[in-house]
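A.B. asks: quick one, fold the following:
(2 chains)
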Amino acid sequence: MADYKGTLNLPQTVFAMKANLTQSEPMSMARWEAMDLYQHMQRTRVDAPVFRFHDGPPYANGPIHIGHLVNKVLKDMVVRSHMMEGMRVPYTPGWDCHGLPIEHRVVGELVKKGKMKDLDALPVEVRRMAIRKACAADATKFIGVQAKAMQRLLTIADYANPYRTMDFAYEEGTLGVFAELLETGVVFRERKPVHWSIANRTALAEAELEYESRDDPSVWVDFEASDPAAVAKAFGLSDPIGSPSLMIWTTTPWTLPANLAIAVGPSYRYVLVRIDGSETIVAADLLARVQSAIGATQVEVIAQTDGANLVGLSYRHPFCEREGRVIAGDHVTLEDGTGLVHTAPGHGEDDWRVGRREGLPAYCPVRDDGTYDDSVPDWLQGMNIWEANPVVVKRLEQSGHLVHQVVFTHSYPHDWRSKTPVIFRATEQWFIGVDRPLKQGSETLRGRGLHAVDHTIGFVPAWGRNRLRGMLESRPDWCLSRQRAWGLPIPSFTLPDGSAFMTPATVRAVAKVIGQKGSDAWFTETPAVLLAAYRPTDDPLAPQGLKVESLEKMFDIFDVWFEAGSSWNSVLRARGQGFPADLYLEGSDQHRGWFQLSLLPALGVTGQSPFHSVVTHGFVVDRDGKKMSKSLGNALEVEDLLKEFGAEVCRWWVSGLAFENDIRVDLDHVRAAGEAYRKIRNTLRFLMGNIGDLPTGDCVAEAMRTPPESLDGWALGELSRVQREVRDAFNRYAFREAHLAIFDFCNDTLSSVYCAATKDRLYCDPVDAPRRRQTQRVMRLTAHTLCRLLAPILPHTADEAFRSMVGEAECIHTHAHLPFQFTAHADWSKVLVARMAAMKALEGAKANGVDNPLDAGLTLPDPDGVLAKFQSELADVCGVSRVSLQRDSTAVTVHDLREEPRCERSRRRDASVRLRADGVALSDRDAAAVGAA
RNA sequence: GCGCCAGUAGCUCAGCUGGCUAGAGCACGCCCCUGAUAAGGGCGAGGUCGAAGGUUCGAGUCCUUUCUGGCGCACCA
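C.D. replies: Sure, this is the predicted structure:
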């Protein structure tokens, strides 16, 4: 018997089944780099519509993690999908360089090496310069590490010209934003308590605190009410009862000189009690605990009232010549103390917040060396606060205000370097007021922000709007200043009288110098040099007769968020990329961060939001939904994933994520993505393998001549639909929809139906048979279209496939989607329904020994006669040897054809099969194809 | 504690303004093919929709409470 395998047109292609991504991806990267793909795309599309997408700067601190991978791949799909739409997409990657985490680690290393002691002895400018130098080196190092990894993810961006918040030009742009904001009048200076290290005379961040056990005096103190009658009234009593007090509890007696108020919970119940003969007020729920704590023997409740009724009462400070008043505080709890909270706005975060609302000053009589200033009673002046603790207690005891004292052991914050206890101390800070009227008109930043959120910004997912609105509604004024070294200096000076001096004009003058020499200049240059471009006489805000030489520099730096939040100016505007951006895309934490803190400055300066839309993604968590962290040991390393699976598999995984919510990641998920990748690759490979002998021609035009009622027409219609769906999904940032549409198309439409049904004609028809060529033309267009649809997700594979079709010199990423639309005959949907019924029937026929569909014939019910016009395709569509139709039937009938002769070439049991001259059974079609008689 | 979000088959997700026996894909099981072959195809079995109340003729879908998890409320970015 002759072997006819050699006469078949079997698939052939150089596009390998095995992707070998780990080796081949870097080759694509090298090719793109050699052709300077990013710049090439900018140059060749100068007149194309622009999509302005702006990269939020990751922090240059350590190698990238899975969160970065997700973020960068999502962004890359945005960039590439818009490029595929024919647009020009300028996209500058950026890095956030300044900030505490870097400084903290760098200083930690300096301490470890024993270098910090020497540095501490130097003048502030010199010391800070040394730290800054080390920080800059650290940031630079990690920018390199991250950029390399991001490129390894096959992302396309202007990596040759990134933005870095520590670049001179960027810093100048940031100061430009600040100068404009100064102009609007929303910047102001005010006191605010911060963690303060007395030993190092510096402010500290939470990260620089170590909690250690410490003994402090714990005291219960009676503050006498000024007006007993008012107290009686608050408790609904007609007559005053003795001389009632308000009992507070504190473990920091040294802050009592700064007491300005007592806070109560308005909804709590308070009791007026007589304890061992004297009347005082405490929270009802805490009475029993207070009683046992202070060891009271006789307790008599006189009356009760709500905390709200106590608000407004006044009291005499036990040793300062002033009165305080009772205010409402949401921070008051019933866990400790008396329910009446000693409030010193200069010495506590909550106290400050509440005090601010009540119009109380952040009074802080403690100097930076931890001693009292002259505003306290003379017996305390100049005393160290820790020494003052027992002195204050003694005084209270002598004056009869002390109810009780014990030694209290608690966990207390200590300075990580000096190991000394830290205090809260109010210092002068720079703020951006969100409720201050902007110079022109009565608008405020908060008002503009809320308006933009509600009316001009688009959100994906939609709940981002609520979230950002909620944050804008409740956010406090923005504290801009930090007392640190690694950052952009706030270019303010002090006048000879000690007051702060900074105007839009001085900031602009300094900005010029910093644009030239970088922010180090602030530390190395004199005020005269820094203000070289400044003329006091031209500045209406300068004091009369100001001499620049008389100024002294201040050394606060900006909150790094102000720097990142100025990127719309330092990058988009400074580089002429256009403003505002079409899109910002970041993790959902950036509602509070970059989104909000870019929005506010931009609204202040330009009146516009810096972005038209924001897209947010969730956070990567482990398989159980728990946060990923190195310490928990549940983190996956990007490097390992790239080594084991390659970037394309990771990208396929990302494209399929429901990224709006938490993103669970597990090795199994990436493995599954690897399987899916192979399926798609194989489908593409099958298409390509079958079009190798098709003469070149106009890919689109030739396919468009396909009859709509043919099987090829159906496939083309599906291709057209999928192309539309995928492009639409990309445009809505619905990557998962695009991913699913592509996957389903490859598996269902192509692999399961179209490829299976056309194998016979592709393999067995004569090479030039019109029917075969028609299928090939559709397959060619399908492959070309698929490459373009896949390009944003799988840039390497799409390019590899494309080049193996059209030549090694080509690159898919310089192309755009093919413009075509095709609609198949509408009744094809009914054919597919009939096919499903046929498949079920064939499955049932296996019980009768008809295992191979080619051993079967089918009779399909066709009551409406709609299937008749597809008669010639039905056998192939169902994978059987032949199909007949019956109008008056409702069920599929399977015919066992195993007794009929089988074509040895096509394996079909066709009516035309007969023995040919060489003694082999062939159908007419196959006989013709091999030239057998 | 407060704000936003999520909790649907083993896994990843659809289920729009409440309405046919709750759908996909993956994995799984059985089978076919061996001319896409470290491929391809067919069929099938999987769910008391986090829990508890409530509204309704009817709830995965609306309301309340609750549990679990994520993000945000800091001189962290």
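
A.B. asks: how about the residues of the stretch 701-850 of chain A by RNA strand B?
C.D. replies: A:736, A:743-744, A:747, A:750-753, A:755-756, A:759-760, A:763-764, A:836, A:839-840, A:842-843, A:846 (C-beta under 7 Å from any atom of the strand). For every residue, glycine as well, the C-beta is placed using N, CA and C.

A.B. asks: buried members of those residues into ChimeraX, please.
C.D. replies: Buried subset of those, written as a ChimeraX selection, criterion 16 or more other C-beta atoms under 10 Å:
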select /A:736,743,750,751,753,755,759,760,763,764,842
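
A.B. asks: now, the residues of the stretch 701-850 of chain A next to RNA strand B that are in strands?
C.D. replies: Among these, no member falls in strands (DSSP state E).

A.B. asks: give me the most central residue, chain A.
C.D. replies: For chain A, the residue nearest the mean C-alpha position is residue A:587 (1.5 Å; C-alpha atoms, centre = their mean).

A.B. asks: in contact with the residue lying closest to that residue once chain neighbours are set aside, which residues?
C.D. replies: Spatial nearest neighbour of residue A:587, excluding adjacent residues (C-beta to C-beta, 6 or more residues apart in numbering): residue A:617 at 5.7 Å. For residue A:617, the contact set (C-beta atoms under 8 Å, 6 or more residues apart in numbering) comprises A:70, A:71, A:74, A:585, A:586, A:587, A:588, A:657, A:659, A:660, A:663.

A.B. asks: okay, and which of these map to strands?
C.D. replies: Those of the contacts of residue A:617 mapping onto strands are A:585, A:586, A:587, A:663, per DSSP E.

A.B. asks: so what sits opposite the last one in the bridge?
C.D. replies: For residue A:663, the beta-bridge partners are residue A:620 (DSSP bridges).

A.B. asks: which residues of the stretch 751-900 of chain A fall in strands?
C.D. replies: Assignment of strands within the stretch 751-900 of chain A using DSSP state E, counting those that start in this stretch yields the ranges A:856-861, A:882-886, A:893-896.

A.B. asks: which one of these is the most hemmed in?
C.D. replies: strand A:856-861 (a mean of 22; mean count of other C-beta atoms under 10 Å).

A.B. asks: I'd like the next helix or strand past the helix or strand harbouring residue A:182.
C.D. replies: Assigned by DSSP states H and E, residue A:182 falls within helix A:168-184. Remark: after helix A:168-184, the chain's next helix or strand is strand A:187-197, criterion DSSP H and E.

A.B. asks: report the buried residues of the helix or strand that comes right after that following strand.
C.D. replies: Downstream of strand A:187-197, the first helix or strand assigned by DSSP H and E is strand A:202-204. Residues of strand A:202-204 classed as buried by neighbour count (16+ other C-beta under 10 Å): A:202, A:203, A:204.

A.B. asks: need the contact list for the spatially closest residue to residue A:142 that is not a sequence neighbour.
C.D. replies: Once flanking residues are discounted, residue A:142 sits nearest to residue A:60: 4.4 Å by C-beta to C-beta, 6+ apart. Counting by C-beta under 8 Å, 6+ apart, residue A:60 makes contact with A:95, A:96, A:97, A:102, A:139, A:140, A:142, A:143, A:146, A:164.

A.B. asks: what of residue A:410?
C.D. replies: Counting by C-beta under 8 Å, 6+ apart, residue A:410 touches A:213, A:214, A:216, A:251.

A.B. asks: just residue A:435 next, same as before
C.D. replies: Contact analysis of residue A:435 by C-beta under 8 Å, 6+ apart lists A:444, A:445, A:446, A:477.

A.B. asks: output those as JSON lines; include the columns secondary structure.
C.D. replies: Conversion of these to JSON lines gives the following (DSSP: H, G, I helix; E, B strand; the rest coil):
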{"residue": "A:444", "secondary structure": "coil"}
{"residue": "A:445", "secondary structure": "helix"}
{"residue": "A:446", "secondary structure": "helix"}
{"residue": "A:477", "secondary structure": "coil"}
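
A.B. asks: the residues you listed, buried ones only, as a PyMOL selection?
C.D. replies: Typed into PyMOL, the line below selects the buried ones among the contacts of residue A:435, using 16+ other C-beta under 10 Å:
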select buried, chain A and resi 444+445+446+477
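
A.B. asks: in JSON lines: the contacts of residue A:435, plus pLDDT.
C.D. replies: Output for the contacts of residue A:435, formatted as JSON lines (pLDDT from 0 to 100):
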{"residue": "A:444", "pLDDT": "94"}
{"residue": "A:445", "pLDDT": "95"}
{"residue": "A:446", "pLDDT": "94"}
{"residue": "A:477", "pLDDT": "90"}
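
A.B. asks: near RNA strand B, which residues of the stretch 51-200 of chain A show up?
C.D. replies: Counting by C-beta under 7 Å from any atom of the strand, the stretch 51-200 of chain A comes close to RNA strand B at A:57, A:58, A:59, A:61, A:96, A:98, A:99, A:100, A:101, A:194, A:195.

A.B. asks: top of these by neighbour count?
C.D. replies: Ranked by neighbour count (other C-beta atoms under 10 Å), those have residue A:98 at the top, with 30 neighbours.

A.B. asks: what about that one, which helix or strand?
C.D. replies: Here residue A:98 is assigned to no helix or strand, by DSSP H and E.

A.B. asks: can you tell me, leaving aside adjacent residues, what's nearest to it?
C.D. replies: Residue A:98 sits nearest to residue A:487 (C-beta to C-beta, 6+ apart), 4.2 Å away.
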